[in-house]
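J.: below are the sequence and a predicted model; questions follow.
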Number of protein chains: 2
Amino acid sequence: MALPVSFSDIEAAATRIQGRAMRTPLIGSPALSEEFAARVFLKPECLQRTGSFKFRGAYNAVMAAGPAARAGVVACSSGNHAQGLAEAARLAGVPATIVMPADAPQVKMQRTRASGARIVTYDRASQDRDEIAAELIAQDGGLLVHPYNDPKVIAGQGTVGLEIAAELAGMRLAPDVVLAPCSGGGLVAGVALAVTERAPPCRVMAVEPEGFDDYARSLAADRIVGNERSSGSVCDALLAPEPGEMSFAINRQKLSGSIAVSDEAALRAVGFAYERFRLVLEPGGAVALAALIDGKVDVRGSVVVIVLSGGNIDDAMLARALAVYRSG
Amino acid sequence: MALPVSFSDIEAAATRIQGRAMRTPLIGSPALSEEFAARVFLKPECLQRTGSFKFRGAYNAVMAAGPAARAGVVACSSGNHAQGLAEAARLAGVPATIVMPADAPQVKMQRTRASGARIVTYDRASQDRDEIAAELIAQDGGLLVHPYNDPKVIAGQGTVGLEIAAELAGMRLAPDVVLAPCSGGGLVAGVALAVTERAPPCRVMAVEPEGFDDYARSLAADRIVGNERSSGSVCDALLAPEPGEMSFAINRQKLSGSIAVSDEAALRAVGFAYERFRLVLEPGGAVALAALIDGKVDVRGSVVVIVLSGGNIDDAMLARALAVYRSG
């Protein structure tokens, strides 16, 4: 069966986002390479416009929609897709409405508002965000842009993988392992499509927070299995209830597996990135790095790419992460 | 008269540091480019091994010295050269002794110690650090590695410029303006040598803290003029007493000028880099960015490169910078 997103969709997305999204660098780290006896590269999407990879998919979806987005765009998001879509809508000159959980990090709400979006909050435990979004659209019109169950969004996130493969090819290298944070699975799906096309033997692995390892369980069961909880991890960006249908259809073919990391490991990785690279990550953006530094994957002798997917962290959470890291 | 460093010295340095120093990315920022009607690129040396560009020059000097460094290396440094040299010595397997002002940021002392260096502190106002270093060398031997008045150090820092020119050439671009932080002037000297060789019409400008604008005054007088004060700026990395003889010989030929920025502007730039790029800079590392965002240089229509030279900042100073930025 044909997958919902093709490699050429990702190439088309790359053309659409060019000059608007940052082409984030692929950073080779001599120090990490020495420590892990591998060639370690970082793909820091925390540098991206709006602080996460989400701008890529959002901007691709808005621009691909053309007139269909003219009445505005609507999304449900805990924060990073919200910011990405709000900024994409601002650049496209259309209004954006974001349905956000009331407990989303303040910094994500502020930054979403700063791009001119309207925010509608809901209670994560008692309300259904999809219903709220459907009501808003019935009332005011607008195009729903799902954070991961949308082919244009997945194609946009796939440009991360396209850039990884291209940068490495420029150094006459190919990735052996790519580790990327995973929630609904749009990012890993796009990345896996791109890098397995360009560097076929590459293993792409998802990394999830412990207790929210719906992908690991879904891959094992070969069907979509949801999480039991909807909150309670520091990785607020990685709490999607279950794999998206489209992203799962891709990931069950393309992923080599999923790794779970603890909250403490995610926080330690935030501290590590801060102290070692002066990069600010959020816990959910740091889980792939956590998997590396906690030795969850054997990377010896490999070309390994770590996707650092976002950096929208509150001051208090960063202070907590630094305390965890510095305490050893 | 021949300059103390040649372009081929910089090429030799690039070969020596390859695989040990990070080849930091050149990051094109679509958002800054839109805001300043220019093509804006960042060269984030805060990502560099030890958190600043200083590792480049230090490692080049240690490796070029060969047997002459076997008894150890000694340096006077407020912190970034200290860390760079300590790490270079660790990698080369030789001992390092660093003479540091007692008021150097704690984080710089800790990180210098973490690379295994011995630290000797002195009082900035009453003691002469060069005398202390000379005594240490008379006593225990070792090679003095000056933070900027050393041709191998200047050549190492010049690799920053080499990488800037190469990355831009890969995009079929050439820099029109490069802005770089300046203290003793080793970084700007190396960068200016490299980019004016590779992209001759480029203007390279130094950026200094207000009150420590010895380069601006030395360039105006066409002779070395020192600062009146030795402390009292948040830019602790940029408080060298006067231009180095060697760096000045280069800079008086190669620089297009020097710009001074206030402490407040430097702090605001630290906050800007944090909020907009999730990059952690120290005030001295952010002055070139401050010059851009404060409109001190007309960059409209230009390809402009901002060197972000370091990110070794204490938590308290970062909190202060964020408060300045967020308050307006």
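T.: Noted; the coordinates are in hand.
J.: residues in the stretch 51-200 of chain A within reach of chain B, list them.
T.: Listed as neighbours of chain B in the stretch 51-200 of chain A under the rule CB under 8 Å from any CB of the partner chain: A:Gly51. (Glycine included, C-beta is placed from N, CA and C.)
J.: which residues in the stretch 51-200 of chain A form helices?
T.: Residue ranges of the helices in the stretch 51-200 of chain A, as given by DSSP state H, counting those that start in this stretch, are A:54-65, A:80-92, A:106-114, A:129-140, A:151-170, A:186-198.
J.: mind putting those into TSV with distance to A:Pro243?
T.: Listed next are the helices of the stretch 51-200 of chain A as TSV, based on distance: least, CB to CB, whole Å:
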stretch	distance to A:Pro243
helix A:54-65	16
helix A:80-92	16
helix A:106-114	23
helix A:129-140	16
helix A:151-170	12
helix A:186-198	9
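J.: and those helices as TSV, adding mean pLDDT and mean neighbour count?
T.: Below are these laid out as TSV (pLDDT from 0 to 100; neighbours: other CB atoms under 10 Å in any protein chain shown):
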stretch	mean pLDDT	mean neighbour count
helix A:54-65	98	28
helix A:80-92	96	28
helix A:106-114	89	19
helix A:129-140	93	15
helix A:151-170	98	26
helix A:186-198	97	29
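J.: in the stretch 1-150 of chain A, what residue is nearest chain B?
T.: Of the residues in the stretch 1-150 of chain A, the one nearest chain B is A:Pro25, at a distance of 2.9 Å by CB to the nearest CB.
J.: number of residues surrounding that residue?
T.: Neighbour count of A:Pro25, defined by other CB atoms under 10 Å in any protein chain shown: 23.
J.: test my guess that it contacts A:Phe41.
T.: No - the pair formed by A:Pro25 and A:Phe41 falls short of the contact definition of CB atoms under 8 Å, at 9.5 Å.
J.: anything in contact with each of these two?
T.: A:Glu167 (CB atoms under 8 Å, 6 or more residues apart in numbering or on different chains).
J.: circling back to that earlier point, return the residues in contact with the nearest residue to the residue of the stretch 1-150 of chain A closest to chain B once chain neighbours are set aside.
T.: Distance criterion CB to CB, 6 or more residues apart in numbering or on different chains; nearest residue to A:Pro25, sequence neighbours excluded, is B:Pro25 at 2.9 Å. B:Pro25 makes contacts with A:25-27, B:43-44, B:47, B:167, as judged by CB under 8 Å, 6+ apart.
J.: can I get these in JSON lines with distance to A:Tyr215 and secondary structure?
T.: Output for these, formatted as JSON lines (distance: CB to CB, whole Å; DSSP: H, G, I helix; E, B strand; the rest coil):
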{"residue": "A:Pro25", "distance to A:Tyr215": "27", "secondary structure": "coil"}
{"residue": "A:Leu26", "distance to A:Tyr215": "24", "secondary structure": "coil"}
{"residue": "A:Ile27", "distance to A:Tyr215": "26", "secondary structure": "strand"}
{"residue": "B:Lys43", "distance to A:Tyr215": "37", "secondary structure": "strand"}
{"residue": "B:Pro44", "distance to A:Tyr215": "32", "secondary structure": "strand"}
{"residue": "B:Leu47", "distance to A:Tyr215": "30", "secondary structure": "helix"}
{"residue": "B:Glu167", "distance to A:Tyr215": "36", "secondary structure": "helix"}
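J.: closest one of the residues you listed to A:Ser247?
T.: Each of these was checked against A:Ser247 using CB to CB; the closest is A:Leu26, at 23.3 Å.
J.: quick revisit: can you give me the pLDDT of the residue nearest to A:Pro25?
T.: Reading off the confidence values, B:Pro25 has pLDDT 97.
J.: just give the closest residue to A:Ser52, not the sequence neighbours.
T.: With CB to CB, 6+ apart as the criterion, A:Ser52 has its nearest non-adjacent residue at 3.2 Å, and that residue is A:Gly310.
J.: just A:Arg300 next, same as before
T.: Closest residue to A:Arg300 in three dimensions, ignoring its sequence neighbours and counting by CB to CB, 6+ apart: A:Ala37, at 4.8 Å.
J.: could you do A:Pro105 as well?
T.: A:Asp314 (4.9 Å).
J.: any chance you could map the helices in the stretch 201-328 of chain A?
T.: A:214-221, A:245-254, A:263-277, A:287-293, A:315-326.
J.: can you name every helix or strand that the third one contacts?
T.: Counting contacts by 3 or more CB pairs under 8 Å, 6 or more residues apart in numbering or on different chains; DSSP states H and E, the secondary-structure elements packed against helix A:263-277 are helix A:287-293, helix A:315-326.
J.: residues of that helix that come out buried?
T.: A:263, A:265-277 (16 or more other CB atoms under 10 Å in any protein chain shown).
J.: roughly how far is that helix from the heart of the chain?
T.: 17 Å (CA atoms, centre = their mean, to the nearest Å).
J.: angle of it against helix B:315-326?
T.: On the basis of axes from the mean of the first three to the mean of the last three CA atoms, to 10 degrees, helix A:263-277 is oriented at 90 degrees to helix B:315-326.
J.: and the contacts of helix A:263-277?
T.: Looking at helix A:263-277 with CB under 8 Å, 6+ apart, the contacting residues turn out to be A:27, A:29, A:31, A:42, A:209-210, A:233-235, A:261, A:279-284, A:286-287, A:289-291, A:293-294, A:308, A:313, A:318, A:320-326, B:46-47, B:280.
J.: what about A:Leu322, distance to B:Val107?
T.: Distance from A:Leu322 to B:Val107, counting by CB to CB, to the nearest Å: 11 Å.
J.: now do the shared contacts for those two.
T.: Contacts common to A:Leu322 and B:Val107, judged by CB under 8 Å, 6+ apart, are B:Asp315.
J.: just send the helices of the stretch 201-328 of chain A back as JSON lines, with mean pLDDT too.
T.: Putting these into JSON lines (pLDDT from 0 to 100) gives the following:
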{"stretch": "helix A:214-221", "mean pLDDT": "96"}
{"stretch": "helix A:245-254", "mean pLDDT": "97"}
{"stretch": "helix A:263-277", "mean pLDDT": "97"}
{"stretch": "helix A:287-293", "mean pLDDT": "98"}
{"stretch": "helix A:315-326", "mean pLDDT": "97"}
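J.: winner for burial among those helices?
T.: For these, the stretch with the most neighbours on average is helix A:287-293, a mean of 28; neighbours defined as mean count of other CB atoms under 10 Å in any protein chain shown.
J.: check contacts around the residue of the stretch 151-300 of chain A found nearest chain B.
T.: Taking CB to the nearest CB, chain B has its nearest neighbour within the stretch 151-300 of chain A at A:Arg278, 3.4 Å off. In this structure, A:Arg278 makes contact with B:44, B:46-47, B:51, B:279-281, B:311, judged by CB under 8 Å, 6+ apart.
J.: A:Lys254 now?
T.: Remark: with contacts taken as CB under 8 Å, 6+ apart, A:Lys254 is in contact with A:189, A:192-193, A:196, A:204.
J.: identify the farthest-apart pair in those.
T.: With CB to CB as the measure, no two of these lie farther apart than A:Ala189 and A:Thr196, at 10.9 Å.
J.: next one: stretch A:132-145 to chain centre, how far?
T.: A distance of 24 Å separates the centroid of the chain from that of stretch A:132-145, by CA atoms, centre = their mean.
J.: neighbouring contacts of it?
T.: By CB under 8 Å, 6+ apart, stretch A:132-145 touches A:58, A:61-62, A:65, A:68-69, A:71-76, A:81, A:85, A:95, A:97, A:99, A:120, A:122, A:153.
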